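Peer 1: Here is my input, please return the structure:
(2 chains)
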Amino acid sequence: DAGVIQSPRHEVTEMGQEVTLRCKPISGHDYLFWYRQTMMRGLELLIYFNNNVPIDDSGMPEDRFSAKMPNASFSTLKIQPSEPRDSAVYFCASSHGLAGSQETQYFGPGTRLLVL
Amino acid sequence: AQKITQTQPGMFVQEKEAVTLDCTYDTSDPSYGLFWYKQPSSGEMIFLIYQGSYDQQNATEGRYSLNFQKARKSANLVISASQLGDSAMYFCAMREGGDSGYALNFGKGTSLLVTP
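Peer 2: Just a heads-up that it's a prediction; the model follows:
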């Protein structure tokens, strides 16, 4: 089975530009999570979805960030406008459920974003 | 307050030796899950092992085992017979249920270097 797929793997953009990160979860997984990793703050949750519905977006830093999940196999994280402090590695993860080992979250390879 | 504490920023171990990476957690929720992930220099987050709060036995996965001491709120990762490929960052994470949502709270990580 294919794991979580993210694209692009690397993104370099200029301040003020729109950035869209994409994620395809593992087939059959009902939960999708977006995390951000920085040296200063470590790994932190931005938002997660259950059956395509956003459940908790309290980690989204500000209105410049938005996330959607139009169907069970695709999600996007958009930053508009981007700022240098958004530079980080963005991970998408998915899990099958919330009971026992089914709650294990499997991570994609991440998108390394650099905003100049 | 820090939910997950990893007190060892860096560890060294000789090849073929066993190593223990420490993790303590803080929660008042009776139902929670504990995870360990490995992040090699390539950047991906690789799931290693899971322990549920109600599991009676310590989790094991190949060379990885989790020393779960519920009363002490510790979930140390033991890697037996270390290999050079085990050199990586290791993150302990906890999922709390209920009102806390189902996001993972990560520790700051321990950098492990396996020497020949």
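Peer 1: residue nearest the centroid of chain A?
Peer 2: Nearest to the geometric centre of chain A sits A:Trp34, at 2.9 Å (C-alpha atoms, centre = their mean).
Peer 1: in the helix or strand where it lies, what counts as buried?
Peer 2: Following DSSP states H and E, the helix or strand that holds A:Trp34 is strand A:31-38. Counting neighbours by 16 or more other C-beta atoms under 10 Å in any protein chain shown, one finds that the buried residues in strand A:31-38 are A:Tyr31, A:Leu32, A:Phe33, A:Trp34, A:Tyr35, A:Arg36, A:Gln37. In this view, the C-beta of every residue, glycine as well, is placed from N, C-alpha and C.
Peer 1: how many other residues sit next to the spatially closest residue to B:Ile4 that is not a sequence neighbour?
Peer 2: With sequence-adjacent residues excluded and distances taken as C-beta to C-beta, 6 or more residues apart in numbering or on different chains, B:Ile4 is closest to B:Gly107, at 3.8 Å. Counted with other C-beta atoms under 10 Å in any protein chain shown, the neighbours of B:Gly107 add up to 24.
Peer 1: these two touch, right, B:Gly107 and B:Gln6?
Peer 2: Yes: contact criterion C-beta atoms under 8 Å: B:Gly107 and B:Gln6 qualify, at 3.9 Å.
Peer 1: between the two, what contacts are shared?
Peer 2: B:Cys23, B:Phe91, B:Cys92 (C-beta atoms under 8 Å, 6 or more residues apart in numbering or on different chains).
Peer 1: and chain A, which of those residues reach it?
Peer 2: B:Phe91 (C-beta under 8 Å from any C-beta of the partner chain).
Peer 1: for chain A, what helix or strand is lowest in average pLDDT?
Peer 2: Of all helical and strand segments in chain A, the minimum by mean pLDDT, DSSP states H and E falls on strand A:53-56, at a mean of 91.
Peer 1: Which elements pack onto that one?
Peer 2: strand A:42-50, strand A:65-71 (3 or more C-beta pairs under 8 Å, 6 or more residues apart in numbering or on different chains; DSSP states H and E).
Peer 1: Low-confidence ranges, chain A, go.
Peer 2: Residue ranges of chain A with pLDDT under 70: A:1.
Peer 1: one step back: in contact with the residue nearest to the centre of chain A, which residues are there?
Peer 2: A:Cys23, A:Leu45, A:Leu46, A:Ile47, A:Tyr48, A:Ala67, A:Ser75, A:Leu77, A:Tyr90, A:Phe91, A:Cys92, A:Ala93.
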